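Student: Fold the following, please.
(one chain, ligands or ions: 1)
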Amino acid sequence: MNKSRRDFLTKSTLIGGALIANGINSNIFSKNIFINKKNKKMKLSFKPYTLQLKHVFTLASSSRTTTPVMLTQIEYDGVIGYGEASMPPYLGESHETATKFLSKVDLSQFKDPFEMETILEYVDSIEPLNPAAKASVDIALHDLVGKLLGKPWHKIWGLNKDKTPYTSFTIGIDTPEVVKQKVKEAEEYKVLKVKLGRDTDKQMIETIRSVTSKPINVDVNQGWKDKFFALDMINWLKEKDVKMVEQPMPKEMIDDMAWLTEHSPLPTFGDEAVQRIPDVIKAHGVYSGINIKLMKCTGLREAHKMIDLARSLGMQVMLGCMTETSCGISAVSQLSPGVEWADLDGNLLINNDPFEGTKVIDGKVVLNDKPGIGISKVLPH
Ligand code: MG
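Tutor: The predicted structure is shown next:
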């Protein structure tokens, strides 16, 4: 036994003895009180991974069949926290940029993982941008700290897990026959989400309405360039029982977007326009609500602050995702109780999920009681 370990045990015994002498049973205290912080260090490791998508993923501007992600781990005192960066190519991050960023992150300088604010401020200050790579550290740190506390984050935040929302399930743009088939396969989900912003928009909605009357949310991904056209479309969509419209116009068209929101019979949500905290303030008066994603906002800590800020500004909140493993989805779902809108189907769209965590049952987000972000590893990676 080395000297510091011996000193630590001696000190722990003395403290324990003192507590018992004072009539306090030391067993009621978490063993974490006795962590010898001097000799314990956090160790970050990371590994590139490629998600295989079940269907071709089509946006207004591109199509793809894989998504690059970075899987991270922070190890401390024999406990491992898991994290993830999901990096769809159109957002500018990649295995290369994440490797470069994460190589610069030195967590060994921090003695205490509970100093999350300090640690994550440091991570954010290393380089501008890199939000997904930063999120991969934030998520792993939350998982680690939750495990050290022995509690899931929804509990640490005081949220009631019975109040999770229904998640929408995305129906990709395709031929009418395939779209009808996809709607059938999505029977379990109570809300459908449709990507619009092409000249086939009305056909897509009509096709879905020919087979189901479920509520539909639409995401235009900045596809409509004219506010009058956009308002006509939204009025038409309202008649088709569409519930909300995400990012109808280019994010730069702020005045036109504010006009559209003022006249729109449906709530509008900023997605591409809202990355981090300052964007929430800019979105106020321009959109009815914001779509928060961990991969845009650098992780759970900032997402939590954004929710509070949006609420205080009277805005609605939606939690979204990229195509991600159950790691990223389980992390963000910890924030979902009480949020009205959820679009957390990213892990359901892939074939090679290395984790198991938050589930969707009968269309509803279902949290478990596992500590941290609530995941276990099911595939080696
Ligand atoms: Mg979107």
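
Student: what are the ranges of the strands in the stretch 251-381 of the chain?
Tutor: 268-270, 289-292, 316-319, 341-342, 355-356, 359-361, 364-366, 376-377 (DSSP state E, counting those that start in this stretch).

Student: which residue sits closest to residue 203, ignoring its sequence neighbours?
Tutor: Setting aside the residues directly before and after it, residue 203 is nearest to residue 176 in space (CB to CB, 6 or more residues apart in numbering), at 7.1 Å. For every residue, glycine as well, the C-beta is placed using N, CA and C.

Student: For residue 183, see how far away that neighbour is.
Tutor: Distance, residue 176 to residue 183, by CB to CB, to the nearest Å: 11 Å.

Student: okay, these two: which has more neighbours?
Tutor: Remark: of residue 176 and residue 183, residue 183 carries more neighbours, 21 against 15, as counted by other CB atoms under 10 Å.

Student: can I get the CA coordinates of stretch 84-96 in CSV?
Tutor: The C-alpha coordinates for stretch 84-96 follow below in CSV (Å, rounded to 0.1, in the frame of the first residue of the first chain):
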residue,chain,number,x,y,z
GLU,A,84,-21.1,11.0,-27.9
ALA,A,85,-20.6,13.6,-30.6
SER,A,86,-22.9,13.1,-33.6
MET,A,87,-21.6,15.0,-36.7
PRO,A,88,-23.8,15.1,-39.8
PRO,A,89,-21.5,16.4,-42.5
TYR,A,90,-23.6,19.5,-43.3
LEU,A,91,-22.8,20.9,-39.9
GLY,A,92,-19.1,21.1,-40.5
GLU,A,93,-17.7,18.7,-37.8
SER,A,94,-16.1,15.4,-38.6
HIS,A,95,-14.0,12.5,-37.2
GLU,A,96,-10.9,14.7,-38.0
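
Student: contacting residues around whatever residue of the chain ends up closest to the ion?
Tutor: Nearest to the ion, among the residues of the chain, is residue 271, at 3.6 Å (CB to the ion). Contact analysis of residue 271 by CB atoms under 8 Å, 6 or more residues apart in numbering lists 219, 221, 246, 247, 290, 291, 293, 320.

Student: Next, give phi and psi for it.
Tutor: Note on residue 271: backbone dihedrals following degrees, to the nearest 10 are phi -120, psi -70.

Student: And the pLDDT for it?
Tutor: Listed pLDDT for residue 271 reads 98.

Student: what ranges do the helices span in the chain?
Tutor: Assigned by DSSP state H, the chain shows helices spanning 3-21, 95-103, 116-126, 131-149, 153-156, 176-185, 201-209, 227-239, 254-263, 277-283, 294-297, 300-312, 326-333.

Student: so the second one versus helix 116-126, what angle?
Tutor: Taking axes from the mean of the first three to the mean of the last three CA atoms, to 10 degrees, one finds helix 95-103 and helix 116-126 inclined to each other by 130 degrees.

Student: residues of helix 95-103 that come out buried?
Tutor: 95, 97, 98, 101, 102 (16 or more other CB atoms under 10 Å).

Student: Pop the domain breakdown of the chain in here.
Tutor: Listed domain ranges for the chain are 3-39, 43-151, 155-377 (source: automatic domain parsing).

Student: Show me which strand runs longest in this structure.
Tutor: strand 43-58 (DSSP state E).

Student: Tell me which other helices or strands it touches.
Tutor: Strand 43-58 is packed against strand 63-76, helix 95-103, helix 131-149, with contacts defined by 3 or more CB pairs under 8 Å, 6 or more residues apart in numbering; DSSP states H and E.

Student: touching the ion at all, that strand?
Tutor: No - counting by CB under 5 Å from the ion, the ion has no neighbours in strand 43-58; the shortest distance is 12.4 Å.

Student: List, one by one, the residues from the stretch 101-250 of the chain near the ion.
Tutor: 219, 246.

Student: where does the stretch 1-150 of the chain dip in pLDDT?
Tutor: Residue ranges of the stretch 1-150 of the chain with pLDDT under 70: 1-38, 58-61.

Student: repeat that with 50
Tutor: Scanning the stretch 1-150 of the chain for pLDDT under 50 picks out 1-35.

Student: can you list the residues of the stretch 251-381 of the chain near the ion?
Tutor: So far as CB under 5 Å from the ion goes, the stretch 251-381 of the chain lies against the ion at residue 271.

Student: repeat that with 8 Å
Tutor: Neighbours of the ion within the stretch 251-381 of the chain, by CB under 8 Å from the ion: 269, 271, 272, 291, 320, 343.

Student: Can you select the buried ones from the residues you listed in PyMOL?
Tutor: Typed into PyMOL, the next command selects the buried ones out of these (criterion: 16+ other CB under 10 Å):
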select buried, resi 269+271+272+291+320+343
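
Student: Report the two members of the residues of the stretch 251-381 of the chain next to the ion separated by the largest distance.
Tutor: Using CB to CB, these span at most 14.1 Å, a distance reached by 272 and 343.
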